[in-house]
Every structure is written in C-alpha cells, then in structure tokens.
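In: here's my sequence, what's the structure:
(chains A and B)
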Protein chains: 2
Amino acid sequence: MSKLRLKISMSLDGFVAGPEQSVANPLGIGGMRLHEWIFPLAAWRGPHGLEGGTVSASTPVIEESLANIGATVMGRNMFGGHPGPWEARGPGKKRWDGWWGESPPFHHPVFVLTYHPRPPLALEGTTFTFVTDGIEAALDQARRAAGGKDVSLAGGAGVARQYLAAGLVDEMEINLVPTLLGSGERLFDGGGVDLCGLELVRTVAAPGVVHLKFAR
Amino acid sequence: MSKLRLKISMSLDGFVAGPEQSVANPLGIGGMRLHEWIFPLAAWRGPHGLEGGTVSASTPVIEESLANIGATVMGRNMFGGHPGPWEARGPGKKRWDGWWGESPPFHHPVFVLTYHPRPPLALEGTTFTFVTDGIEAALDQARRAAGGKDVSLAGGAGVARQYLAAGLVDEMEINLVPTLLGSGERLFDGGGVDLCGLELVRTVAAPGVVHLKFAR
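Out: Here you go, the predicted model:
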C-alpha cells in the first residue's frame, strides 16, 4: 500500500506559518524564515528549474522526500490565491491558477482539498484536481493516481492536522527551524495527544534546520 | 563571566508541563512523559543517589549540563508545594521544604524566585535562598554564590520565559521529546520572536529525546 507522507517546516515555537497570512504574504509575517534553509540547496533548486546550489546534510532528506512520490494532496490555502468560490477573486482579476506559473514543480497529479468545486486545471506536467468531499476521498483519488507510488501531503497546517487526527499519515518529516515566529498557525494545536503510532525514527541536523522523521 | 544555562524538556507540541498541574501532579497530565528518557540513565541516577543505569547519546549531554555549575535559580512552582505564602499550606500540615527530602541533588546554593519572603532553608549540601526582588537580583545572588562557575536555570516555564525575554540566558539546552501533551504550559508562548542572539549550535539524537543546544 502506498504511504501518505507529510513534510512540513515548523519553528521552535511550533508555528508552520506566521501571523497575518494574506494573498500578498501567504506564509504570514516571518513565515519565510521557515524555508530559508532550503533555497540555497541544489536538491531543491533543480526541481524548481533553478541552476546551481549547494549540498548539505539536508540534501539526502530532500531527495528522499521527492523520491517515489506519485501524487500530492494539499489544502486550498496552500494552492492559494483567495478564500471563497473560485470566481470570486474580484472584478477584472484573472482566475487564480496557483503560485507556480505554467510549469509547476510537481510533475504528477495534485489534489486540492476545497469547499468550492472547480474543473481540473491541466498545466505543464501537472494537473490539479479539486476535491470537495473530504480528506479520505482526496487520499483515495491521490492513491489511485499515484499508481503504486506514495502520496505527498504538502500542507498547509489545517489539512495536515486533519490527516494526522484521522491517523492517515504514514510518515512525517518535520523540518524544525531554530527560530521563533511568536504567533501564527501551529501544526499541533488542540490536536490531542495521539501521534497515531508515529514514532521518531531519524534525526538529521543540518545548517538552519533539524529534520525529524516520524514513521510507524 | 559565568553563564546562565537553561535546560528544559519540551514536547513536540511545545509544552514543558501538561495540563492541570497540581500539588499531587506537579508536571500536569502526561508531563512525566517529558522526563522518561532520563530516568534509566546512570548519568542522572548517580547524582540522585540511585545505583546502576544505562549509557546513551544523552550521557555526555547530561554530564555537560551538570559540569561547572556553582548555583541554581528556579521558580517557586518548581520548588513546589503550594501557591501563596509559605505558612498557608494548611492547618496541621508541615511547612513545604521542596520535593527532594533531606538531601537534595543540587549540592550547591539554590535561589528560589518567589513573591513570598522566607528565611533560607539549609538542607544537607544544599541551601535554598528565597529571592523576592526579581530575576536580575536572583541571578546576581546566584552568580556571587557560584564563585566563578556557571548558574543553572532549572525552570519552570514562567521563570525560563522571563530570563529569555530579558536576554539573560547564555545557553539553552532544549530536550525535545517526540510526544504530544496536547495542552499545558508552553515554553514559548507569546514571548515574541527574539532569541536574543541564541543560535542552535549542537543537535544530539538519543533514545526518546533530541537535545538542541543553543548558545550565543
């Protein structure tokens, strides 16, 4: 059975996004600091169409996170743009088609959990399918599309919390960034005390981040 | 100048004590799970007068945390017993003299931050001095008593937060325990975004715990 694998970056004080998330600042104030460790790395730059980059102890962790992934599930906020129905972006504005331009970095099917139906969006190498009937339906569709490979759970926090609470996450890589955001959105926030069998199985210390891998 | 060194255990969801802390359950519900990693270790058992024990990757971390410490500062809740004036424990009850019996494991002067004055308490090898004029006064007294050695900041969370916010902590060892407490008392809770120059300088993965050492 293919696994559902969550990867998410979290501050020392537990936040996966800063306060005052908005269309202009989707990670919230300071939220970009959770991701600065990854931008210089060749293992991240290559899949995003950028040349060059460095190698660190994070490199095999990133490579592992990208390997054997056949589909991605994400929440509406991660797909981004604006809340509410898709046609409600505002008069004169082009429909929101994601952050990634014409050639998203996924190169496999992506399933976006949303309350607002929308036809599939086929971009170069990546088709986004919008799922309105809940996390289990989205996971079922993603598993079928993954063709035996694993499914990546890309976040954000709300969707990650739902899958964790349902016990559906098979692996979780928390990229713990040794910084404080002070407020914002927490990964673990009233989610109870049950990791549903997930145990810490690997710790990797790298520049600007500690990778904590949980598995069953 | 002697350093102020904080060591504290924290859950993956950021709690250093569970909910419903009480005299009967001072760590709150589930709080003991933050400390289970340390009890089997010889490096902890020896200083607590217990024989035997194991060795792990945590051993040098514990040994380092105990080395070159000349005094300890702690909050009233960590000294424990009950809130309010010291004589208010209740009719027929013996005055609260700490959790540790006649021979506390410190073997150096301990300074307890409290709002309620009380004469010093001299036990076997350890004298507790009760400080009512704030964190800087307690640190000054502890530094003088430490005779050039470092000062240990033993917690709890409230006192740790105050010293961190004041920029007075020189080293911080967070023992991150890969478990969830769900609620309780957080180490980082509205304390802002400033680690006051503390940076992650060492990560040690050990059974049941990841040690994160911060220093300037």
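In: okay, the closest residue in space to A:Ser56 that isn't next to it in sequence: pLDDT?
Out: Distances taken as CB to CB, 6 or more residues apart in numbering or on different chains place A:Ala206 nearest to A:Ser56, at 5.0 Å, with adjacent residues excluded. Where C-beta positions appear, they are placed from N, C-alpha and C, glycine not excepted. At A:Ala206, the pLDDT value in this model is 97.
In: what are the phi and psi values for A:Thr59?
Out: phi -60, psi -50 (degrees, to the nearest 10).
In: and it, what is it in contact with?
Out: A:Leu41, A:Ala42, A:Ala43 (CB atoms under 8 Å, 6 or more residues apart in numbering or on different chains).
In: was I right about the last one contacting A:Ser58?
Out: Meaning A:Ala43. Yes: A:Ala43 is within contact range of A:Ser58, at 7.4 Å (criterion: CB atoms under 8 Å).
In: of the two, give the one with the bigger neighbour count.
Out: Applying other CB atoms under 10 Å in any protein chain shown to A:Ala43 and A:Ser58 shows that A:Ser58 carries more neighbours, namely 25 against 20.
In: spatially nearest residue to the more buried one (excluding sequence neighbours)?
Out: A:Ser58 sits nearest to A:Ala206 (CB to CB, 6+ apart), 4.1 Å away.
In: mind checking how far that neighbour is from A:Pro105?
Out: In this view, A:Ala206 and A:Pro105 are 21 Å apart by CB to CB, to the nearest Å.
In: quick one, which of the two is more surrounded?
Out: A:Ala206 (19 against 14).
In: how about the contacts made by that one?
Out: A:Trp37, A:Ser56, A:Ala57, A:Ser58, A:Val61.
In: just to revisit the earlier point, phi, psi for the residue nearest to A:Ser58 please.
Out: According to degrees, to the nearest 10, A:Ala206 has phi -140, psi 170.
In: what's the answer for A:Ala145, then?
Out: phi -70, psi -30.
In: alongside chain B, which residues does chain A contribute?
Out: Taking CB under 8 Å from any CB of the partner chain as the criterion, chain A approaches chain B at residues A:12-14, A:30, A:174, A:176, A:178-183, A:186-195, A:199-200, A:202-203, A:205, A:210, A:212, A:214.
In: give the buried subset of those residues as a ChimeraX selection command.
Out: Those of these that count as buried under 16 or more other CB atoms under 10 Å in any protein chain shown are selected in ChimeraX with:
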select /A:12,13,14,30,174,176,178,179,180,181,182,183,186,187,188,189,191,193,195,200,203,205,210,212,214
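In: tell me which of the residues of chain A next to chain B fall in strands.
Out: The strands, defined by DSSP state E, take in A:Ile174, A:Leu176, A:Arg186, A:Glu199, A:Leu200, A:Arg202, A:Thr203, A:Ala205, A:Val210, A:Leu212, A:Phe214 from the residues of chain A next to chain B.
In: can you redo those as CSV with distance to B:Asn25?
Out: Shown next, in CSV, are these (distance: CB to CB, whole Å):
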residue, distance to B:Asn25
A:Ile174, 29
A:Leu176, 29
A:Arg186, 25
A:Glu199, 26
A:Leu200, 26
A:Arg202, 33
A:Thr203, 30
A:Ala205, 34
A:Val210, 31
A:Leu212, 28
A:Phe214, 28
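In: all strands of chain A, in order?
Out: Using DSSP E, strands in chain A cover A:4-11, A:15-17, A:69-75, A:110-113, A:121-123, A:126-131, A:150-153, A:171-177, A:185-186, A:199-206, A:209-215.
In: just the ones you listed: most buried one?
Out: Highest mean neighbour count of those: strand A:15-17, a mean of 28 (counted as mean count of other CB atoms under 10 Å in any protein chain shown).
In: excluding its backbone neighbours, what's nearest the residue nearest to the spatial centre of chain A?
Out: Per CA atoms, centre = their mean, the C-alpha nearest to the average position across chain A is that of A:Ala154, at 2.0 Å. Of all residues beyond its chain neighbours, the one nearest A:Ala154 is A:Met74 (4.2 Å), with distances taken as CB to CB, 6+ apart.
In: same question, A:Leu195
Out: A:Leu195 sits nearest to B:Leu180 (CB to CB, 6+ apart), 6.0 Å away.
In: show me the contacts for the one you found.
Out: So B:Leu180 contacts A:Phe188, A:Gly191, A:Gly192, A:Val193, A:Asp194, A:Leu195, B:Ser11, B:Leu12, B:Asp13 (CB under 8 Å, 6+ apart).
In: by mean pLDDT, point me to the weakest helix or strand of chain A.
Out: helix A:76-79 (a mean of 92; mean pLDDT, DSSP states H and E).
In: what sits up against that helix?
Out: By CB under 8 Å, 6+ apart, helix A:76-79 touches A:21, A:26, A:83, A:96, A:98-99, A:112-116, A:128, A:154-156, A:158-159.
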